[in-house]
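Asks: below are the sequence and a predicted model; questions follow.
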Amino acid sequence: MTAETPIVVMKFGGTSVATAEGRAALARRVLEALEAERRPVVVVSAMGRRGDAYATDTLLGLIGRLPSTPEERDLLASVGEVISAVVVAAELRAAGIESRAFTGADAGIRTDGVHGNATVTEIRPYALLTALEDRVVPVVAGFQGVGPDGSITTLGRGGSDTTACALGIALQAESVEIYTDVDGVMTADPRACDAATVLTVIRSDELHQMAQHGARVVHTPAAEMAAASGLTVRVRNTFSDHPGTLVADIAAYQPRSVATAVSQIRSVARFLVDLEAPAGTREHTTAQTAVFQAMADAGISLDMFTPTDGKLVFSVAAADVESVQAALKRLGKPFAVEQPLAKVTLIGAGMHGVPGVMARVARCLDEAGVTILQTADSHATISVLVPDEQAETAVKALHDGFRLGDG
């Protein structure tokens, strides 16, 4: 192989590295890449899920609520991926593939230094390129980088996807392959809709919308990187020969239907804040601005916000309810809160400029007996807020009504 041989970044999730069977399948995938005249760079997540010995949640559980700093929690959280990188590098060498483990810092991943949810700011891939020139397969610990002060920072849950995409861009890789325990990106969560099918192709902007609206397929910043850069991504199953889902460049693929997928976010709460001023007045605007600022100061992310009839209506994650209540009490604004609710979103780049899509959404949900509490839309999404107990009914109704399972 030469410096001109294409690079492929191969990311393997926790279920792919947790068992000997998974690691053997990983090694076969790497060998296939080498035989196809590709230079693989492997990115790994921590082994397994909560309860497994080296899973991130298990490691963090060692300190639980004991006093700790954000720096210490990040240091502990990063250990799982380091263990995976060392073990996988050893497995590859046992399979006859020369390999070396890298931490995020070793791989040149620099971040903004925000502990627990850092953003990648720069990649200095010189050590990885040197390894590739020496015909060594780098195995990089995902989910982590190093901040400006030299401390370890983590990229948020699912951050190994972001590590892979950031490396793919920095290394000018031919593609990024994300390996998991499902066959690809699906039209809906199969746990909520048994008619869900694997998408053969999806646009990168659609994948980004799916990630933002609750689909647990690819880490949201990773999907955002793919959409912004035109990076070629494929989501595949470590354990099967299914071709998976190709995430296409925006210009390369035009959807055949107005809708591509439907997603859901559970555990949502809606606040109705009395602004104590008539709609359309300066006082109303000033009161609304004060609420927005109070939420910003409290670090609360608002969704589906609508000023109406002298009130401000918005939704938040249920985990933020107490913080919102405290902020509104400090502000002295009367409010009511409704929960539990769910946000269900129809996603499709093909809906932009097409009349009648909202009417079709409303008809599907009405016929299924779903109560629509609030709506919001963009060029590629229509979201509805519904009672939580009606979420799966809403997902199935939209999936069937827009024939998403037809391929």
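Replies: Okay, I see it.
Asks: following the helix or strand that contains V9, which helix or strand comes up?
Replies: Using DSSP states H and E, V9 maps to strand 7-12. Sequence-wise, the next helix or strand downstream of strand 7-12 (DSSP H and E) is helix 14-17.
Asks: which elements pack onto that next one?
Replies: helix 20-35, helix 79-94, strand 175-180 (3 or more CB pairs under 8 Å, 6 or more residues apart in numbering; DSSP states H and E). (Each C-beta comes from the backbone N, C-alpha and C, glycine too.)
Asks: for the last one, packing partners?
Replies: Pointing back at strand 175-180 there. Under the contact definition 3+ CB pairs under 8 Å, 6+ apart, strand 175-180 sits against strand 7-12, helix 14-17, helix 20-35, helix 159-170, strand 233-237.
Asks: repeat that for the second one.
Replies: Under the contact criterion of 3+ CB pairs under 8 Å, 6+ apart, helix 79-94 touches helix 14-17, helix 20-35, strand 39-44, helix 56-61, strand 99-102, strand 137-141.
Asks: what strands flank the last one, and is each parallel or antiparallel?
Replies: Based on DSSP bridges, the strands next to strand 137-141 in the sheet, each with its direction, are strand 39-44 (parallel), strand 99-102 (parallel).
Asks: who's in contact with the next helix or strand after it?
Replies: Downstream of strand 137-141, the first helix or strand assigned by DSSP H and E is strand 144-146. The contact list for strand 144-146 (CB atoms under 8 Å, 6 or more residues apart in numbering) reads 74, 78, 81, 103-105, 109-111, 118, 120, 152-155, 159, 163.
Asks: off-centre distance for strand 144-146?
Replies: For strand 144-146, the gap between its own C-alpha mean and the chain's C-alpha mean amounts to 18 Å (CA atoms, centre = their mean, to the nearest Å).
Asks: pairing partners for the helix or strand just after that strand, with directions?
Replies: Later in the chain than strand 144-146, the nearest helix or strand by DSSP H and E is strand 152-154. Strand partners for strand 152-154, identified by DSSP bridges, are recorded as strand 144-146 (antiparallel).
Asks: got a pLDDT number for the residue nearest to the spatial centre of the chain?
Replies: The chain has H219 as the residue nearest its centroid, 2.4 Å off, counting by CA atoms, centre = their mean. Listed pLDDT for H219 reads 83.
Asks: that one against D161, yeah?
Replies: Yes. Using CB atoms under 8 Å, H219 is in contact with D161, at 3.8 Å.
Asks: can you tell me the closest non-neighbouring residue to R38?
Replies: Closest residue to R38 apart from its sequence neighbours, by CB to CB, 6 or more residues apart in numbering: V8 at 4.6 Å.
Asks: for that neighbour, which residues make a bridge with it?
Replies: In beta-bridge terms (that is, DSSP bridges), V8 pairs with P40, S175.
Asks: heads up, I number from 2, so please use that
Replies: Okay, using 2 as the starting number, the last item reads as V9.
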